[in-house]
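*Asks:* Generate a structure from the sequence data that follows.
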Amino acid sequence: MLWLKECVIASVAESVLNSEELDRTVTHLLVAARNDGYAQGYAECSHHVVNALKVDWDTSKSATHGVDTEAALAAAKTQFNTLQLPVMDLITVALESEDHVAQLREIFPDKKEDEDEDLA
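*Replies:* Prediction:
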């Protein structure tokens, strides 16, 4: 249990936080959120200009003109919320096995034991 507490928990966190899949998904979400924020801000600003100056404002030059940024953001959120990481799949299989500790040791070898073996 001590090994699980001291090694596995930190290893799981490190594996999740350093996963390329998480990085790609978060990056995609950030870009979609920024694009949607830009589009919403541009639309609001255009609305204020039209009301204040009583002119027609050409929004066709907006970088997000004709792009459904709201749908793209919703899709990015769904992708993030349903993200499956390979390491979590391995952990799930290990925890369902009869000897889950042995399975977890295969996934997350004890670094201290490896260092001790290298010194010997």
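*Asks:* ok, now which ones touch E98?
*Replies:* Listed by C-beta atoms under 8 Å, 6 or more residues apart in numbering, E98 has no contact partners. C-beta here means a position set from N, CA and C on the backbone, and glycine is covered the same way.
*Asks:* What strand or helix carries it?
*Replies:* Assigned by DSSP states H and E, E98 falls within no helix or strand.
*Asks:* what's the burial count for the residue nearest to D110 when sequence neighbours are not counted?
*Replies:* Using C-beta to C-beta, 6 or more residues apart in numbering and skipping the chain neighbours, the partner closest in space to D110 is C7 (5.9 Å). In terms of burial, C7 registers 18 neighbours under the definition other C-beta atoms under 10 Å.
*Asks:* surely C7 meets R105?
*Replies:* No - using C-beta atoms under 8 Å, C7 is not in contact with R105, being 9.0 Å away.
*Asks:* Pull up the overlap in contacts between those two.
*Replies:* With C-beta under 8 Å, 6+ apart, C7 and R105 have no common neighbours.
*Asks:* So for stretch 71-87, what gets flagged as buried?
*Replies:* In terms of neighbour count (16 or more other C-beta atoms under 10 Å), stretch 71-87 has its buried residues at A72, L73, A76, L83, L85, V87.
*Asks:* Next: stretch 33-46.
*Replies:* Result for stretch 33-46 [16+ other C-beta under 10 Å]: buried residues N35, D36, A39, Y42.
*Asks:* how is the chain carved up into domains?
*Replies:* Domain segmentation of the chain under automatic domain parsing yields 25-83, 84-120.
*Asks:* These: which one's closest to E14?
*Replies:* Closest to E14 of the domains of the chain, according to C-beta to C-beta: domain 84-120, at 9.4 Å.
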